[in-house]
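[1] Have a look at this prediction, sequence included:
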Amino acid sequence: MRNKAILLVHEGVHQPRELVSSVAAGLAPPKAECDLPPVRSHLPINREPRPDRTFNKFFEIGNEAILNSKVRPPIIVITFFIPVIPFFNSVIPAKAGIHRSKFMTYNLAFIDSRLRGNDNITCQKIFENRKRSHFNPLKPLDKSWRSVKLPVMSKINLMGSTLADLESLMADLGEKKYKGRQLFKWIYGSLQYDFNQMTDLTKELREKLDAKYIFTGLQPEGIAKSQDGTEKILFRLNDNKFIETVLISDGDKRTICVSTQVGCPIKCSFCATGLMGFKRNLTLGEIIGQLLYVRERYGENAYRNIVFMGMGEPLLNYENLVQAIKIISSSIGLSLTARKVTISTVGIVPKIYTLADSGLKVNLAISLHAATDKKRRRILSIPFKYDLKALMEAAACFARKRKKRVTFEYILFKGLNDSREDALALAELIKGIPCKINILAYNPVENVPYKRPSDEEINDFSKLLYPRAPAVTVRKSRGLDIDAACGQLAGKMQKIRRRR
Ligand code: SF4
């Protein structure tokens with residue numbers, strides 16, 4: 001019997017949301033009828049399909065990929081635009097109501113990297129061909145296309161699967177739904193990734209799972225240890241991008257600082273991550289993988305608090321963030337109460353309201369750093385529409401709905417936001433909002449002009465603030481000797497790679 005499959009080719013950088021709805025709508029009805037070669041093209045919105053030979057070549061590649069695939073996912077997308085891949089992988093299956101394991105996005109860079117060494121075809125060549133054929137659709141393709149050998153898909157990594165994903169996977173395998181729950185508990189509760197060790201699953205099911213699936217977490221590229229006990233772990237992701245996770249020890253209290261994006265679109269002027277620019281959102285597996293790795297390394301008590309304060313703006317990767325918190329707080333998952341989870345944001349106002357209504361019992365920290373819009377815009381580069389008035393209203397709403405104080409983070413920059421007037425303006429701004437203020441001195445970053453104020457200046461600022469604000473804490477800077485400011489290590493790795 002021939003493999004049932006749908007192939008979609010996504011071209012270009014255009015409204016991914018519209019594309020997803022449209023793709024998902026197209027996927028749902030005929031999926032049972034499709035048979036090879038049922039090649040289907042999804043062309044850019046508002047553009048007529050064009051008889052492009054290069055495009056046809058991609059259909060062929062996709063078909064071969066399906067035929068060569070051991071796992072036979074029935075849906076494959078080939079995209080030219082790499083940053084949409086994590087988005088596709090999570091949103092299309094959800095919209096189309098299919099299990100993630102049946103869905104695979106290929107991108108040119110991936111195919112390219114698998115072919116390199118065996119073949120002369122490079123991604124660059126593919127793009128050159130595309131460019132030429134764009135202007136002259138009838139121009140024949142380079143003959144070397146014929147020698148393209150397609151990558152054979154390996155086992156599907158289930159890391160980052162939600163409970164619902166695993167339950168639906170079991171249903172697809174003809175098993176009872178509750179077995180998905182058992183699988184979930186083994187992975188996130190017991191950190192057991194070897195199917196053969198999952199003793200409450202039948203031998204037959206374990207073999208079935210082992211043949212098609214795998215759980216692989218993140219592997220560290222390096223670990224830096226500070227004299228004060230802070231540890232920074234640098235992870236290399238599958239697409240050769242880097243992220244950081246920081247483990248902060250304060251006596252018995254251990255806190256893990258987790259990243260949610262590669263780079264950051266907010267681009268705060270003082271931040272090493274901001275200087276890297278934005279690359280992409282982390283997948284759910286990559287977010288949860290940071291927490292699992294540290295637990296595997298240091299045991300169940302590796303951390304008691306989780307702060308989403310690493311690389312990236314967590315509220316701009318909202319869906320994966322929420323799913324990660326559900327895995328963290330599940331009694332069969334990481335089993336840590338959501339009350340120990342803090343989400344730090346620069347102030348994505350609509351998402352603060354969504355979070356307040358989500359029912360998640362998490363804490364909210366807002367990076368304020370200035371008490372006037374003018375100064376704040378200089379320090380952050382937050383879109384103008386989220387001004388301080390709107391942000392304070394959202395913060396007050398969150399505190400009211402969650403019945404919990406909001407934390408305002410205020411980094412002190414010497415000569416910029418550390419004057420008496422700044423302290424008084426800050427006290428005025430937060431008036432009436434149940435909150436506490438964390439003051440931090442700036443951690444210097446290479447090529448950034450800001451300076452750290454002296455301990456005396458920090459003290460003076462906090463003394464001015466304290467009687468006027470409900471609670472003020474001066475936080476110690478941690479890991480100064482290991483570039484612990486967010487994004488410093490990953491930024492350095494990125495530069496080194498570029499030089500190579
Ligand atoms: S401080 Fe946070 S929000 Fe600002 S650029 Fe860095 S990671 Fe992004």
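    Ah, there it is.

[2] In the stretch 351-500 of the chain, mark out all the helices, start to finish.
    373-379, 388-402, 420-429, 455-465, 488-499 (DSSP state H, counting those that start in this stretch).

[3] Show me what from the chain comes close to the ligand.
    Contact residues, the chain versus the ligand (C-beta under 6 Å from any ligand atom): Cys264, Ile266, Lys267, Cys268, Cys271, Thr273, Gly274, Met311, Gly312, Glu313, Val346, Cys486. Yep, even glycine has a C-beta here, placed from its N, CA and C like the rest.

[4] quick one: least confident helix or strand in this protein?
    The helix or strand of the chain with the poorest confidence is helix 123-135; it has a mean of 37 (mean pLDDT, DSSP states H and E).

[5] immediately after it, which helix or strand?
    Where DSSP states H and E defines the elements, the next helix or strand beyond helix 123-135 is strand 156-157.

[6] Can you give the strand pairings for that next one, parallel or anti for each?
    Partners of strand 156-157 in the sheet, by DSSP bridges, are strand 213-214 (parallel).

[7] just to revisit the earlier point, can you say which of the helices of the stretch 351-500 of the chain is nearest to Leu334?
    Across the helices of the stretch 351-500 of the chain, Leu334 has its closest neighbour in helix 388-402 (21.2 Å, C-beta to C-beta).

[8] Show me what the closest one is packed against.
    helix 349-357, strand 363-367, strand 406-412 (3 or more C-beta pairs under 8 Å, 6 or more residues apart in numbering; DSSP states H and E).

[9] Output these in CSV; the columns should cover mean neighbour count and mean pLDDT.
    As requested, the helices and strands packed on helix 388-402 are exported to CSV (neighbours: other C-beta atoms under 10 Å; pLDDT from 0 to 100):
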stretch, mean neighbour count, mean pLDDT
helix 349-357, 18, 96
strand 363-367, 22, 96
strand 406-412, 22, 95
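
[10] buried sites along stretch 231-246?
    231-237, 239, 241-246 (16 or more other C-beta atoms under 10 Å).

[11] With pLDDT added, can I get these in a markdown table?
    Converted to a markdown table, the buried residues of stretch 231-246 look like this (pLDDT from 0 to 100):
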| residue | pLDDT |
| --- | --- |
| Glu231 | 90 |
| Lys232 | 90 |
| Ile233 | 92 |
| Leu234 | 91 |
| Phe235 | 90 |
| Arg236 | 86 |
| Leu237 | 86 |
| Asp239 | 78 |
| Lys241 | 86 |
| Phe242 | 89 |
| Ile243 | 93 |
| Glu244 | 93 |
| Thr245 | 95 |
| Val246 | 93 |
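
[12] Keep only those of these that are in strands.
    Residues of the buried residues of stretch 231-246 located in strands (DSSP state E): Glu231, Lys232, Ile233, Leu234, Phe235, Arg236, Phe242, Ile243, Glu244, Thr245, Val246.

[13] coming back round to it: between the helices of the stretch 351-500 of the chain, which gets nearest to Gln290?
    Among the helices of the stretch 351-500 of the chain, helix 488-499 comes nearest to Gln290, with 12.6 Å by C-beta to C-beta.

[14] Give the rounded mean pLDDT of that closest one.
    Mean pLDDT, helix 488-499: 51.

[15] now stretch 316-328
    Mean predicted lDDT for stretch 316-328 stands at 95.

[16] Go ahead and confirm Leu426 touches His369.
    No - the pair Leu426 / His369 is not scored as a contact, 9.8 Å apart, by C-beta atoms under 8 Å.

[17] Where does the prediction get shaky in the stretch 351-500 of the chain?
    The stretch 351-500 of the chain contains residues with pLDDT under 70 at 382-384, 478-500.

[18] Could you name every residue contacting both of Leu426 and His369?
    Contact criterion C-beta atoms under 8 Å, 6 or more residues apart in numbering; residues shared by Leu426 and His369: Tyr410.

[19] so how far is the first residue of stretch 456-474 from its last?
    Distance between the boundary residues of stretch 456-474 (C-alpha to C-alpha, to the nearest Å) amounts to 12 Å.

[20] re the thing from before, looking at the buried residues of stretch 231-246, which is nearest Lys385?
    Ile243 (28.7 Å).

[21] Who's the closest spatial neighbour of that closest one, skipping the chain neighbours?
    Distance criterion C-beta to C-beta, 6 or more residues apart in numbering; nearest residue to Ile243, sequence neighbours excluded, is Ser259 at 4.5 Å.

[22] Tell me if the one you found really is in a helix.
    No - with DSSP: H, G, I helix; E, B strand; the rest coil as the criterion, Ser259 is located in coil rather than a helix.

[23] Now do the phi/psi pair for it.
    Phi and psi for Ser259, reported as degrees, to the nearest 10, are phi -90, psi 150.

[24] just Ala224 next, same as before
    Dihedral angles for Ala224 - degrees, to the nearest 10 - are phi -110, psi 130.

[25] ditto for Gly263
    Dihedral pair for Gly263: phi 70, psi -170, per degrees, to the nearest 10.

[26] Next up, the contacts around it.
    Here Gly263 is in contact with Thr273, Met276, Gly277, Phe278, Lys279, Arg280, Met311, Gly312, Gly487 (C-beta under 8 Å, 6+ apart).

[27] Can you give me the separation between the fourth one and Ala338?
    Think Phe278. Phe278 sits 27 Å away from Ala338, going by C-beta to C-beta, to the nearest Å.

[28] The third one now?
    With the distance defined as C-beta to C-beta, Gly277 ends up 31 Å from Ala338.

[29] Neighbour count for those two, which is higher?
    Set Gly277 next to Ala338 and count neighbours by other C-beta atoms under 10 Å: Ala338 wins out with 16 against 13.

[30] From what I see, that one and Val362 are in contact.
    Yes - assessed by C-beta under 8 Å, Ala338 is found in contact with Val362 at 5.0 Å.

[31] hmm, who's touching stretch 394-411?
    Contacts of stretch 394-411 (C-beta under 8 Å, 6+ apart): 270, 342, 344, 347, 349, 352-353, 355-357, 361, 363-369, 417, 426, 430, 432-442, 470-471.

[32] so how far is the first residue of it from its last?
    End to end - C-alpha to C-alpha - stretch 394-411 spans 21 Å.

[33] same thing with stretch 337-353?
    21 Å.

[34] what's in contact with that stretch?
    Taking C-beta under 8 Å, 6+ apart as the rule, stretch 337-353 contacts 266, 268, 304-309, 313-316, 318, 321, 325, 328-329, 355, 360-367, 380, 382, 385-386, 390-391, 394-395, 397-398, 407, 409.

[35] Type out the ChimeraX command that picks the buried ones from those.
    A single ChimeraX command selects the buried members of the contacts of stretch 337-353 (16+ other C-beta under 10 Å):
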select :266,268,305,306,307,308,309,313,314,315,316,318,321,325,328,329,355,360,362,363,364,365,366,367,380,382,386,391,394,395,397,398,407,409
